[in-house]
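Visitor: Fold the following, please.
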Amino acid sequence: MNELRLLDPFLRDPFDDTLRSFIRPWRMSALDGATRMRVDVSEQDNNYLVKADIPGVRKEDIDVRIDGSLVTLSAQSKSEKEERDDGRVLFKERQEGYSSRSFSLDCPVDESRADARYENGILTLKLPKKAAGSTKRLSIQ
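Guide: I've put the predicted structure just below:
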């Protein structure tokens, strides 16, 4: 793979986060609640293999879009409503949120032969490369 460009709106600078925590330690970042996707992309002769960690999300809430060589993964985690007698929640870390990752591959993807599987919080995509179009030489008259 010659070039892999990541477009990640959730990518943050750790130095900037540390500096902000000293200035405003009581402020909770809105990005902390969103599900973070960690993605591995590997290239084989005829296809790309993408593995994305998306834990705690139902497969119905995952969206995969392919536009030529641009691949976009998005997921939305929803919290379940709890009915309790006393109405108090003592501690809650699981939050609902939306996250998305986009990356561009070197070759266009053949969407008709692409395969997606989601098991145990891991989304696996097998993205076949589109066959190179035949070139035609024009005779100059």
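
Visitor: Just the strands from the chain, written as ranges.
Guide: For the chain, the strands defined by DSSP state E cover 5-7, 38-43, 47-53, 62-67, 70-77, 97-104, 115-119, 122-128.

Visitor: Could you list the alpha-carbon positions for the second one in PDB?
Guide: This points to strand 38-43. C-alpha atoms of strand 38-43 as PDB (Å, rounded to 0.1, in the frame of the first residue of the first chain):
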ATOM      1  CA  ARG A  38      -9.300   1.300  16.200                       C
ATOM      2  CA  VAL A  39      -8.700   0.100  12.700                       C
ATOM      3  CA  ASP A  40      -6.100  -2.200  11.100                       C
ATOM      4  CA  VAL A  41      -5.800  -2.200   7.300                       C
ATOM      5  CA  SER A  42      -3.700  -4.700   5.400                       C
ATOM      6  CA  GLU A  43      -3.300  -5.200   1.700                       C
END
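
Visitor: Parallel or antiparallel, list what pairs with that strand.
Guide: Strand pairing for strand 38-43, determined by DSSP bridges: strand 47-53 (antiparallel).

Visitor: neighbouring contacts of the partner strand?
Guide: 1, 37-43, 71, 73, 101, 105, 109, 121-129 (CB atoms under 8 Å, 6 or more residues apart in numbering). In this view, the C-beta of every residue, glycine as well, is placed from N, C-alpha and C.

Visitor: Need the buried ones from the residues you listed selected in ChimeraX.
Guide: Command for ChimeraX that selects the buried part of those, burial taken from 16 or more other CB atoms under 10 Å:
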select :37,39,41,43,71,73,101,105,109,123,125,127,128,129
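
Visitor: Name the helix or strand of this protein that has the lowest mean pLDDT.
Guide: Scoring the helices and strands of the chain by mean pLDDT, DSSP states H and E places strand 5-7 at the bottom, with a mean of 54.
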